[in-house]
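sharing a model prediction with you, sequence too.
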Amino acid sequence: MDVLSLLPYRRSSKKFGEIAPNAEQLKIMFQSALRVPDHGRLKPYRFVVIEKQAMGSLEELLKASANEFEMGKEARQKAENLCQRSPMMIGVVAKIAENIPKVPAWEQMISAGCATYALQLAANAQGFETCWISNQWIKGSALRHAFQCEDDEQIIALLMIGSPCDSTQISLASQPEEIENFVYYLNGSQP
């Protein structure tokens, strides 16, 4: 799918088929993520691939996070549901260096977010559905330990990925978003 056909209609999916990206498709996704804007070429992110056979372990880690943050029974059930919905997830870990004056922490975090979005777009362009998951449970100490997070690292996303559930095409929004409330021209003209 070409990028201009995808971008205005892209949306997250809650339903996934059983097929996950193969090694070559993952390579394209990671190569795309490594080309995002990155002041100082710090690459302030890394990725953790969770394949189908590891979803049970991820489920237990997310449930531990729900317990750690006293999120309740509903959150534990949601963790179970999340890990049964897609055949693959990719964890995104941001590594923020606070002591680089030319590249402030916020800029590094934006780069890590861009890398996550590039993963999504590269997956979508190859025909896969995606959904970016974040919540208190991605901050859990057991999950951080499993992802081998250092003190200066933060898990910023779990990206669910899988083939389309009901067709051979990814689901797209029916129309693009209206831009008028989000775009301002300095000279006062309108788009």
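It's in.

name the next helix or strand downstream of the worst-scoring helix or strand of the chain on mean pLDDT, please.
The weakest-scoring helix or strand in the chain, judged by mean pLDDT, DSSP states H and E, is helix 3-6 (a mean of 86). Where DSSP states H and E defines the elements, the next helix or strand beyond helix 3-6 is helix 23-33.

tell me the helices and strands packed up against that following helix.
strand 45-51, helix 105-125 (3 or more CB pairs under 8 Å, 6 or more residues apart in numbering; DSSP states H and E). Every C-beta, even on glycine, is put in place using the N, C-alpha and C of the backbone.

for the least confident helix or strand of the chain, list the C-alpha coordinates in CSV.
This file holds the C-alpha atoms of helix 3-6, laid out as CSV (Å, rounded to 0.1, in the frame of the first residue of the first chain):
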residue,chain,number,x,y,z
VAL,A,3,2.0,5.8,2.0
LEU,A,4,-0.4,8.5,0.8
SER,A,5,-3.2,6.0,0.4
LEU,A,6,-2.5,4.8,4.0
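
counting contacts, what elements does that helix pack onto?
Secondary elements touching helix 3-6 (3+ CB pairs under 8 Å, 6+ apart): helix 105-125.

got the buried residues for stretch 175-191?
In terms of neighbour count (16 or more other CB atoms under 10 Å), stretch 175-191 has no buried residues at all.

what of stretch 149-163?
In stretch 149-163, counting by 16+ other CB under 10 Å, buried: 149, 153, 154, 155, 156, 157, 158, 159, 160, 161, 162, 163.

show me the residues you listed that map onto strands.
Using DSSP state E, the members of the buried residues of stretch 149-163 that fall in strands are 153, 154, 155, 156, 157, 158, 159, 160, 161, 162.
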